[in-house]
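Fold the following.
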Amino acid sequence: MADFRSLSPIAQGVSGAGRNPARAREREGVWHRPGVLNLISDVLMLFAAVALGYALVVWFLSRPLFPLREVVVLTPPAQVTTAQLEYVARRAIRGNFFSVDLEAVREMFEKLPWVRRAEVRRRWPDVLELRLEEHQAVAYWTVSDSGETHLVNHQGEVFVAASNAEMPSFSGPQGSAAYLQAKHREFDAVLEPLGRKLVSLVLSAREAWQLKLDDGMVIVLGRDQEKAPISERLVRFVRAWPQASERIGVQVAVADLRYPSGFALTPVGDVKAAKGKQ
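A predicted model of the protein is given here:
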């Protein structure tokens with residue numbers, strides 16, 4: 001009969017070997033890896049130090065240790081008043097030298113009617129420097145759709161402000177102010193030999209032009225035509241007008257230049273068009 005007792009140690013060894021890998025894996029977890037734990041601890045400590053340092057910096061800068069005491073305007077304003085600047089400064093400037101929001105301050109100054117662009121900078125230790133670019137109005141602007149009157153600057157931009165200056169008046173579709181400004185310069189140069197100034201320029205929604213001179217005469221150019229462009233019709237009228245005005249001998253209210261080879265004239269007070277081909 002075979003003796004099985006001699007196999008017991010082997011069986012026990014096999015059984016024990018079957019349990020060792022699990023225990024080894026347990027011992028290989030994160031909590032049994034000092035190097036990993038030390039690395040995690042160092043990272044957490046680093047984050048905590050950065051957060052604490054940031055909080056201390058914010059707290060320090062928010063203390064009343066660096067107050068702003070003065071706003072220096074480097075560009076003397078022409079249209080903006082001192083009262084307006086002081087009002088915006090009191091409302092917009094919050095915080096000290098380091099915490100003041102320069103972008104918010106700039107936006108507040110640019111909301112003033114005559115301010116086109118503003119630039120705000122810090123100057124150590126307690127000063128804000130302000131540079132202003134003001135609008136330079138060159139014409140009044142009336143939107144055809146709404147009838148509201150605004151102003152046009154040198155860049156052809158429409159802005160809202162009040163003025164009683166003597167300037168030409170533009171009227172046209174929304175977004176056409178820069179185009180009318182360019183056409184005004186062109187038409188005014190053509191009219192110069194007459195010794196008259198162009199005081200009003202109107203562009204209709206159908207792209208028809210109407211001019212008004214400083215003596216009250218209205219010039220109807222109408223729409224641009226391929227065979228008779230408005231520039232050619234206006235040049236022809238300017239050349240013929242001195243002789244035509246002497247022959248007519250009356251004040252003209254309207255000159256209609258929509259004809260390919262001539263123009264029609266309406267005297268002041270005449271309800272009917274007095275047409276005359278020149």
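
from here on, contacts and neighbour counts on C-alpha atoms
Noted.

mind listing the strands for the stretch 151-278 of the chain?
158-159, 169-172, 198-203, 208-213, 218-223, 252-256, 263-267, 274-276 (DSSP state E, counting those that start in this stretch).

What strands line up against the shortest one, and which way round?
Read it as strand 158-159. strand 149-153 (antiparallel) (DSSP bridges).

And the partner strand, what's buried?
Neighbour counts using 16 or more other C-alpha atoms under 10 Å place 149-153 of strand 149-153 among the buried residues.

Including distance to residue 226 and pLDDT, could those residues go into JSON lines?
Shown next, in JSON lines, are the buried residues of strand 149-153 (distance: C-alpha to C-alpha, whole Å; pLDDT from 0 to 100):
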{"residue": "149", "distance to residue 226": "33", "pLDDT": "91"}
{"residue": "150", "distance to residue 226": "33", "pLDDT": "96"}
{"residue": "151", "distance to residue 226": "33", "pLDDT": "97"}
{"residue": "152", "distance to residue 226": "30", "pLDDT": "97"}
{"residue": "153", "distance to residue 226": "32", "pLDDT": "97"}
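
Quick check: the farthest pair among those residues?
Farthest-apart pair in the buried residues of strand 149-153 is 149 and 153; separation 13.5 Å (C-alpha to C-alpha).

what residue ranges in the stretch 151-278 of the chain are flagged as low confidence?
Under the criterion pLDDT under 70, the flagged ranges of the stretch 151-278 of the chain are 270-278.

Report the beta-bridge partners for residue 263.
As for beta bridges, residue 263 partners with residue 276 under DSSP bridges.

Okay, buried residues for stretch 240-253 please.
So, applying 16+ other C-alpha under 10 Å, buried residues of stretch 240-253: 252-253.

swap in stretch 136-152?
In stretch 136-152, counting by 16+ other C-alpha under 10 Å, buried: 136-144, 149-152.

what about that stretch, how long is it end to end?
8 Å (C-alpha to C-alpha, to the nearest Å).

For it, which outside residues touch it?
Stretch 136-152 has contacts (C-alpha atoms under 8 Å, 6 or more residues apart in numbering) with 153-154, 158-162, 167-174, 177, 204.

Of the residues you listed, just the buried ones, ChimeraX syntax please.
In ChimeraX syntax, the buried subset of those is picked out as below (16+ other C-alpha under 10 Å):
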select :153,158,159,161,168,169,170,171,172,173,177
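
and the gap between residue 68 and residue 126?
Here the criterion is C-alpha to C-alpha. By it, residue 68 lies 5 Å from residue 126.

Overlap in contacts, those two.
Here residue 68 and residue 126 have residue 97 as joint contacts, going by C-alpha under 8 Å, 6+ apart.

out of the two, which sits in the more crowded spot?
residue 68 (21 against 15; other C-alpha atoms under 10 Å).

helix or strand for the more buried one, which one?
Remark: residue 68 resides in no helix or strand, with elements defined by DSSP states H and E.

what are the phi and psi values for it?
phi -90, psi 130 (degrees, to the nearest 10).

Point out the most buried one among the strands of the stretch 151-278 of the chain.
Across the strands of the stretch 151-278 of the chain, averaging neighbours per residue (mean count of other C-alpha atoms under 10 Å) puts strand 169-172 on top, at a mean of 24.

and it, C-alpha only, in CSV?
The C-alpha trace of strand 169-172 is given here as CSV (Å, rounded to 0.1, in the frame of the first residue of the first chain):
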residue,chain,number,x,y,z
SER,A,169,-25.6,117.6,-44.2
PHE,A,170,-25.6,114.0,-45.4
SER,A,171,-28.6,111.8,-45.8
GLY,A,172,-28.6,108.2,-47.0
